[in-house]
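Novice: any chance you can model this:
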Amino acid sequence: MYEAYTALVGNVVTHPVRRSLPNGQQLVTFRMASTARRLDRGSGDWVDNGTVYVTVNCWRRLVEGVGASLSVGDPILVYGQLRSSEYRTREGHSRQDLELRASALGPDLGRCTASVLRRGSHGKPSGPVFSDTAVAPSAHEVGRPSPESADSLVAALDADASGRG
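Specialist: Down below sits the predicted model:
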């Protein structure tokens, strides 16, 4: 079977719903919309050029992160396997639905900002991750620093930054 992997940019349009399946697996599912835009050369304005709605299914490691991070309206990027499913409604109408089985998902940092909280080895948040180049204050600087220590700290940071540039 051919597998179609794709990346989509869009917005979350339904609340993510978490379900437990009979086999014990967890699933988070939600709908997203991806709207194509084009430049109307006549007016010089950007105009919408059709919207694709996709059901996004998140399994395994994505369940916790997606459930704790996403809500309606969030701008996202999703990568995964694209599938089409066909079904009949109760009224007998044929319908098709696009489904994306996500392998990676995150915020669209071109349209929002986000803080990253990495998970520890047991899947639980491990707290913020600090750069190894960060300057930790000494015990006497934990309170309000004196002007001399603040000036020396700024000078040290400037020297460090100029040495890397």
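Novice: quickly note the distance from the residue most central in space within the chain to residue 95.
Specialist: Nearest to the geometric centre of the chain sits residue 106, at 1.8 Å (C-alpha atoms, centre = their mean). As defined by C-beta to C-beta, to the nearest Å, residue 106 lies at a distance of 30 Å from residue 95. For the C-beta atoms, the positions are set from N, CA and C on the backbone; glycine is no exception.
Novice: that older thread, so the residue nearest to the centre of the chain touches residue 77, yeah?
Specialist: Yes - judged on C-beta atoms under 8 Å, residue 106 makes contact with residue 77 at a distance of 5.7 Å.
Novice: so residue 67 touches residue 15, yeah?
Specialist: No - Residue 67 sits out of contact with residue 15 when judged by C-beta under 8 Å, with a separation of 10.5 Å.
Novice: which of these two has more residues huddled nearby?
Specialist: Higher neighbour count among residue 67 and residue 15: residue 67, with 15 against 10, using other C-beta atoms under 10 Å.
Novice: ok so, going back, okay, now the sheet partners of the helix or strand the residue nearest to the centre of the chain falls within, with direction.
Specialist: Using DSSP states H and E, residue 106 sits in strand 94-107. Sheet pairing of strand 94-107 (DSSP bridges) gives strand 45-59 (parallel), strand 75-88 (antiparallel).
Novice: flag every buried residue along the first one.
Specialist: Residues of strand 45-59 classed as buried by neighbour count (16 or more other C-beta atoms under 10 Å): 54-59.
Novice: make CSV out of the residues you listed and add pLDDT and distance to residue 40.
Specialist: Below are those laid out as CSV (pLDDT from 0 to 100; distance: C-beta to C-beta, whole Å):
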residue, pLDDT, distance to residue 40
54, 96, 26
55, 96, 31
56, 97, 30
57, 96, 36
58, 95, 36
59, 93, 41
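Novice: returning to what we had before: wait, what's in contact with the residue nearest to the centre of the chain?
Specialist: Residues near residue 106 by C-beta atoms under 8 Å, 6 or more residues apart in numbering: 76-77, 114.
Novice: how about those residues in CSV, adding neighbour count, distance to residue 22 and pLDDT?
Specialist: Below are the contacts of residue 106 laid out as CSV (neighbours: other C-beta atoms under 10 Å; distance: C-beta to C-beta, whole Å; pLDDT from 0 to 100):
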residue, neighbour count, distance to residue 22, pLDDT
76, 23, 29, 96
77, 16, 32, 96
114, 11, 34, 87
